[in-house]
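1. Have a look at this fold, sequence not included:
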């Protein structure tokens, strides 16, 4: 079973400095049919204007992954971490018992485009944690590159939830296939370009909830970048 979440059907807010789309209920946007999918709770598609950003704010009991598509994101947090996240980087922050952080676009002229992902943790009250790794385009070209997992396998960032996150870059007619074990589910998010999911056409911003399927097959149509979540 595949349920398509069309880009134009997502929640939307334009604050001037921030133009954002919500795949799931977030902030003032609520959709009873799209609160979360399995333990995937937030998937925000953010575009942040030059010099703007999110001032210091708190989080707790959430696994947060940031995937930058264009521009750069400057991060500071109460654990003492400070970094600039660029395309190819995957940043992980486990809010656990509580953390504060800020995120800004350090460029005065370039727009920052990122996907912010929140997953529910395996349990509440964990100690906060941080990690950041880079995955080159070559690692993702025509293949599914594991970028986040519960055991940190294959050099992925280690998260505290039974989810696997893959990233892929597909040129026209390139294909990748992912087998789903019994009882597992998948979520697809098209970050850039166009693909076919099995036989269904998807464009940038589209998502898909997948259950009771044996495999997921993605075929590139137009210079695509896609995230695939394998979820318990």
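-> Alright, I've got the coordinates. Keep in mind it's a predicted model, so treat the numbers as computed, not measured.
2. ok, what's across the strand from residue 47?
-> Taking DSSP bridges as the rule, residue 47 bridges to residue 19, residue 113.
3. contacting residues around it?
-> By Cβ atoms under 8 Å, 6 or more residues apart in numbering, the contact set of residue 47 is 18, 19, 20, 111, 112, 113. (Each C-beta comes from the backbone N, C-alpha and C, glycine too.)
4. can you check residue 221 too?
-> 172, 193, 194, 195, 196, 201.
5. how about stretch 48-55: buried residues?
-> 48, 49, 53, 54 (16 or more other Cβ atoms under 10 Å).
6. Determine which two of those residues are furthest apart.
-> 49 and 54 (12.3 Å; Cβ to Cβ).
7. What is the distance between stretch 76-94 and the centre of its chain?
-> Here stretch 76-94 is found 14 Å from its chain centre; the criterion is Cα atoms, centre = their mean, to the nearest Å.
8. Kindly check the end-to-end length of that stretch for me.
-> Terminal residues of stretch 76-94 are spaced 14 Å apart (Cα to Cα, to the nearest Å).
9. cool, and stretch 152-164?
-> 10 Å.
10. May I ask which helix or strand of the protein has the lowest mean pLDDT?
-> Within the chain, no helix or strand scores below strand 53-59, which has a mean of 82 by mean pLDDT, DSSP states H and E.
11. And the helices in the protein?
-> 137-140 (DSSP state H).
12. Kindly list the longest strand within it.
-> strand 215-231 (DSSP state E).
13. Adjacent strands (with direction) for that one?
-> strand 163-170 (antiparallel), strand 175-179 (antiparallel), strand 185-197 (antiparallel).
14. Can you lay out these as CSV showing mean neighbour count?
-> Shown next, in CSV, are these (neighbours: other Cβ atoms under 10 Å):
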stretch, mean neighbour count
strand 163-170, 24
strand 175-179, 15
strand 185-197, 21
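15. and residue 232, which of those strands is closest to it?
-> strand 163-170 (6.8 Å).
16. For the longest strand of the chain, give the mean pLDDT please.
-> Regarding strand 215-231, the rounded mean pLDDT is 97.
17. got the buried residues for it?
-> By neighbour count with 16+ other Cβ under 10 Å, strand 215-231 contains the buried residues 216, 218-221, 224-231.
18. got a list of what residue 212 touches?
-> residue 1.
19. ok, it to residue 39 distance?
-> Distance of residue 212 to residue 39, given as Cβ to Cβ, to the nearest Å: 18 Å.
20. With residue 108 instead?
-> Residue 108 is 38 Å from residue 39, by Cβ to Cβ.
21. Pick out whichever of those two has more residues nearby.
-> residue 39 (18 against 9; other Cβ atoms under 10 Å).
22. right, and that one touches residue 231 too?
-> Yes: between residue 39 and residue 231 there is a contact at 6.3 Å, judged by Cβ atoms under 8 Å.
23. Give me the common contacts of those two.
-> With Cβ under 8 Å, 6+ apart as the test, residue 39 and residue 231 both reach 162, 163.
24. Need the max-distance pair from the buried residues of strand 215-231.
-> 221 and 231, at 24.9 Å, using Cβ to Cβ across the buried residues of strand 215-231.
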